[in-house]
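>>> After the sequence you'll find the predicted model.
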Amino acid sequence: MLFSTDHFWYRQPSEGPYIESQRDNKAFGFADGMIFLSEDNGRTWSHAIAFPDAANITFSYILKNGNIVFGAGSKLYLSVDNLKTYERITVKNADGSDYIPHTPRNPSRPGWYFHTLAGVNSWEVNGVEMLVWGNYCNVIGGAAPVNIYYSTDGGRTVKIAYSFGQSPYYRDDGSEGGGTTGTLLGDPNNPVLCRHIHCVAYNPDEGAFYACTGDFDRDPYECLWLKGSYDFGTDKWDWRVLISAKQNTRYKCGGINFVGGKAYWISDANGPKPHDRGIFRCDPADIPTPSAHTMLFNPGVEAANMIIQDNVILASHCAPASPLDTGIIVSLDMGKTWAQYDLEQFGKRSPVRFQEKNSEGWFKVDLRSDWVTYAETLFIKPKEA
C-alpha cells in the first residue's frame with residue numbers, strides 16, 4: 001500500500017525476503033535459510049542460494065561492480081557472481097595477518113562484528129570504490145570488539161583500518177551487550193575506547209574519512225570523532241582523535257555527510273538538560289569549534305541517522321526517546337525548511353540505515369524495534385520541493 005505526506009510517499013515492500021540493502025536496480029535480501037538478489041528493485045528475486053545463517057545477517061553492501069559483501073555475527077562473506085556462489089572472507093589485520101574473532105562465551109551471541117547504522121558505506125577515492133564502515137555493537141547480539149573495516153578491491157580483501165582498545169565495560173560475559181566481567185575485546189595497545197561506532201563518512205574535498213562513536217561519560221569519554229587518511233601506495237591508515245566529548249554534546253551523533261564543501265550531522269545528545277541537540281552544518285575545519293556551527297533544525301529528541309542526496313535531507317527519531325511512534329525528519333531544500341512526521345501505523349520503530357535512492361527514486365530504510373532490533377523495511381520517495 002502506498003502512503004503519502006506533503007513531503008514524500010512511503011511504502012513497505014510486498015511479501016518476500018527482508019530487504020537488507022539496495023543499489024541502483026538491485027536489492028539483497030534474506031529469509032528462511034536463503035539469501036536473495038533482485039535486479040528489478042525487489043519485484044522479483046531471480047537469484048537465490050541457501051545460506052543457513054541467514055537469520056543472523058546484520059550487514060550487507062552491494063558494490064558498484066555487483067559484488068555483494070555480507071556479514072552474520074563474526075563472519076563475513078562475498079559473492080562475485082550474483083549469488084551463484086559465495087565464499088567466507090578472512091578479515092586481515094593492518095599488517096596482513098589473519099584477524100581472528102574471539103570465541104564467544106555464549107555461541108548464540110557471537111557479537112555484531114560488522115553491523116552498521118549508516119546506509120552509505122562506499123565512496124570513490126582516487127578512482128577506486130572504497131568500502132569503509134564501522135560496527136555498531138555491544139547493544140544486542142553479544143559483546144564485540146569495535147573496528148573500522150575497509151576494502152579497496154571489491155570486497156575480495158577486507159582489512160582492519162582501525163581497532164579500538166579494550167573497554168572494561170563491554171567484556172564478553174555472554175550477555176546481549178557485554179559487561180564488566182569476562183573476556184576483554186579489542187586492541188590491548190590502544191588506549192582509545194568506545195562502546196561502538198555510529199557512522200563513518202568520507203569528505204572528498206579533503207580526501208579524509210571521519211568516524212564518530214558513542215556512548216557514555218566513561219573515563220575516558222566514549223563520544224569521539226576520529227579523522228583518518230589512507231595511503232594507497234603503502235596500504236596504510238593514519239587516524240587521530242579529533243574530538244573527545246561528553247554525551248550531552250552535539251558530538252554524540254551520527255549521520256555525518258559532506259556536501260558542497262560543508263559537514264552536516266545530527267545529534268542524539270542525552271543526559272542532564274539542557275540537551276545540545278540538532279542538525280548542524282559547518283566547514284570541516286570548524287568541526288571542533290561549536291561557535292562556528294549553524295544549527296539548521298532541532299527535532300527536540302535524540303536522533304542519530306541521516307542521509308543527504310539531491311538536496312533532500314532525511315533523518316529519524318530514536319524511538320525509545322521520542323514521543324512519536326516512527327518519527328521522520330525531512331527537508332527538500334537542503335535545510336531551508338523542515339517537517340516532521342509520525343508514521344504511526346508502524347508502531348514504535350527507529351528508522352536507521354538510510355540508503356541512497358534506487359533506480360526508481362526510493363530511499364531504503366530499516367525500521368528497528370527498540371533501538372536496533374531488526375523489524376521491517378521502509379521505502380521513502382521525496383516529492384518535488
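Done, it's in. Here the structure is a predicted model, which is why all the values come from computation and not from measurement.

>>> CA only for contacts and neighbour counts going forward, please
OK.

>>> In stretch 45-52, which residues are buried?
Within stretch 45-52, the residues that count as buried by 16 or more other Cα atoms under 10 Å are 45, 48-49, 51.

>>> Kindly report the same for stretch 331-346.
Of the residues in stretch 331-346, those with enough neighbours to count as buried (16+ other Cα under 10 Å) are 331-332, 334-335, 338, 340-343.

>>> So which of those residues sit within strands?
When DSSP state E defines the strands, the subset of these inside them is 331, 340-342.

>>> Throw the residues you listed into JSON lines and include pLDDT and distance to residue 266, thanks.
Conversion of those to JSON lines gives the following (pLDDT from 0 to 100; distance: Cα to Cα, whole Å):
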{"residue": "331", "pLDDT": "98", "distance to residue 266": "13"}
{"residue": "340", "pLDDT": "98", "distance to residue 266": "14"}
{"residue": "341", "pLDDT": "98", "distance to residue 266": "17"}
{"residue": "342", "pLDDT": "98", "distance to residue 266": "18"}
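
>>> Please tabulate those residues in a markdown table, including the columns distance to residue 286.
Output for these, formatted as a markdown table (distance: Cα to Cα, whole Å):
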| residue | distance to residue 286 |
| --- | --- |
| 331 | 24 |
| 340 | 28 |
| 341 | 31 |
| 342 | 34 |
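
>>> returning to that earlier point: let me know the closest of the buried residues of stretch 331-346 to residue 161.
Distance from residue 161 was checked for each of those by Cα to Cα. The minimum falls on residue 334, at 31.8 Å.

>>> Against residue 132, how distant is the closest one?
Distance check for residue 334 against residue 132: by Cα to Cα, to the nearest Å, it reads 25 Å.

>>> Ok, residue 197 next?
On the measure of Cα to Cα, residue 197 and residue 132 end up 12 Å apart.

>>> same thing with residue 145?
For residue 145, the distance to residue 132 equals 17 Å [Cα to Cα].

>>> who has more neighbours, those two?
Neighbours per residue, other Cα atoms under 10 Å: of residue 145 and residue 132, the larger number sits with residue 145, 28 against 23.

>>> Let me know the pLDDT of the more buried one.
pLDDT for residue 145: 98.

>>> what secondary structure does it sit in?
When classified by DSSP: H, G, I helix; E, B strand; the rest coil, residue 145 comes out as coil.

>>> Tell me which two of the ones in strands among the buried residues of stretch 331-346 sit farthest apart.
The most widely separated members of these are 331 and 342, with 15.0 Å between them, by Cα to Cα.

>>> what's the next secondary structure element after the strand or helix carrying residue 230?
The secondary structure element spanning residue 230 is strand 223-231 (assigned by DSSP states H and E). Next along the chain after strand 223-231, taking DSSP H and E as the criterion, comes strand 236-245.

>>> That next one: how far from the chain's middle?
Taking Cα atoms, centre = their mean, to the nearest Å, one finds the center of strand 236-245 at 19 Å from the center of the full chain.

>>> Any chance you could give me it in CSV, C-alpha atoms only?
Backbone C-alpha positions of strand 236-245 (Å, rounded to 0.1, in the frame of the first residue of the first chain) are rendered in CSV as follows:
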residue,chain,number,x,y,z
LYS,A,236,48.4,2.3,5.5
TRP,A,237,46.0,4.4,7.5
ASP,A,238,46.7,7.4,9.7
TRP,A,239,44.0,8.1,12.3
ARG,A,240,43.8,10.7,15.1
VAL,A,241,41.2,11.6,17.7
LEU,A,242,39.7,15.0,16.6
ILE,A,243,37.2,15.4,19.5
SER,A,244,36.6,13.7,22.8
ALA,A,245,33.4,15.0,24.4
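
>>> That strand - what's its average pLDDT?
In this model, strand 236-245 has a mean pLDDT of 98.

>>> Now do the contacts for the nearest residue in space to residue 63 that is not next to it in sequence.
In space, not counting the residues next to it along the chain, residue 63 is nearest to residue 154; the distance is 6.8 Å by Cα to Cα, 6 or more residues apart in numbering. Residue 154 sits next to 63, 65, 67, 129-131 when contact means Cα atoms under 8 Å, 6 or more residues apart in numbering.

>>> what about residue 119, neighbour count?
Each residue near residue 119 was counted by other Cα under 10 Å, and the total is 26.

>>> wait, doesn't it sit right on residue 363?
No. Counting by Cα atoms under 8 Å, residue 119 sits too far from residue 363 to count as a contact (10.0 Å).

>>> okay, and the common contacts of the two?
Shared between the contact lists of residue 119 and residue 363 (criterion: Cα under 8 Å, 6+ apart) are residues 354-356.

>>> Top of those residues by number of neighbours, please.
Each of the shared contacts of residue 119 and residue 363 was scored by neighbours using other Cα under 10 Å; the highest score is residue 354's, at 27 neighbours.

>>> Roughly how far does that one sit from residue 135?
Counting by Cα to Cα, the gap from residue 354 to residue 135 is 16 Å.

>>> who does residue 57 bridge with?
Counting by DSSP bridges, residue 57 forms beta bridges with residue 72.

>>> Just the pLDDT at it, thanks.
pLDDT recorded at residue 57 is 98.

>>> in what helix or strand does the spatially closest residue to residue 175 that is not a sequence neighbour lie?
The shortest distance from residue 175 to any residue that is not its chain neighbour, by Cα to Cα, 6+ apart, is 5.8 Å, and that residue is residue 142. In this structure, residue 142 is located outside every helix and strand according to DSSP H and E.
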